[in-house]
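> return atomic coordinates for the entry below.
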Amino acid sequence: MLGAGREKALKKLRKDLRSGLYSYLVLSLLEREGELHGYAIRKRLGELSDGKLVPSEGALYDILKSLKKYRLVEDFWAEVGGRPRKYYRLTDLGREVLLELKEEVKTIETTLMRLEGFE
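The predicted model follows:
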């Protein structure tokens, strides 16, 4: 019985933790690599995290839609190999917001290191 409660708690807390993290990772990836289409974003996140931080396809497109709504990314169509693909890139506002988020992540990282006794 305790195992079911543990799994339920882990599932919820992982979801909460990852929801904002995925947006940050997408912004960081677009800053680093420039223009990418959705599949390439998922693939690179998988490569960078050894397959541990890969949002579902639906979740990724929800994230991209939200980032676009806040004008942090913009999308455009390009033809690749004879087929159209929607690409995403960081906007100037996205770069500004990401810069501030990086400071927030540094604070979180420092706090985690202190909690673990590494600093």
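> spatially central residue in the chain, please.
Most central in the chain under C-alpha atoms, centre = their mean is residue 22, positioned 2.5 Å from the mean C-alpha point.
> name the helix or strand for that one, please.
helix 2-33 (DSSP states H and E).
> okay, helices next: where are they in the protein?
Ranges of helices in the chain, per DSSP state H, are 2-33, 38-48, 57-69, 92-116.
> and the first one, what does it pack against?
Spelled out, it's helix 2-33. With contacts defined as 3 or more C-beta pairs under 8 Å, 6 or more residues apart in numbering; DSSP states H and E, the packing partners of helix 2-33 are helix 38-48, helix 57-69, strand 73-80, strand 83-90, helix 92-116. Backbone N, C-alpha and C define where each C-beta goes, glycine included.
> what angle separates it from helix 57-69?
Orientation note: helix 2-33 sits at an angle of 50 degrees relative to helix 57-69 (axes from the mean of the first three to the mean of the last three C-alpha atoms, to 10 degrees).
> same check, this time on the last one
If you take the same axes, to 10 degrees, helix 92-116 sits at 120 degrees to helix 57-69.
> okay, the angle between helix 92-116 and strand 73-80?
Per the same axes, to 10 degrees, the angle that helix 92-116 makes with strand 73-80 is 110 degrees.
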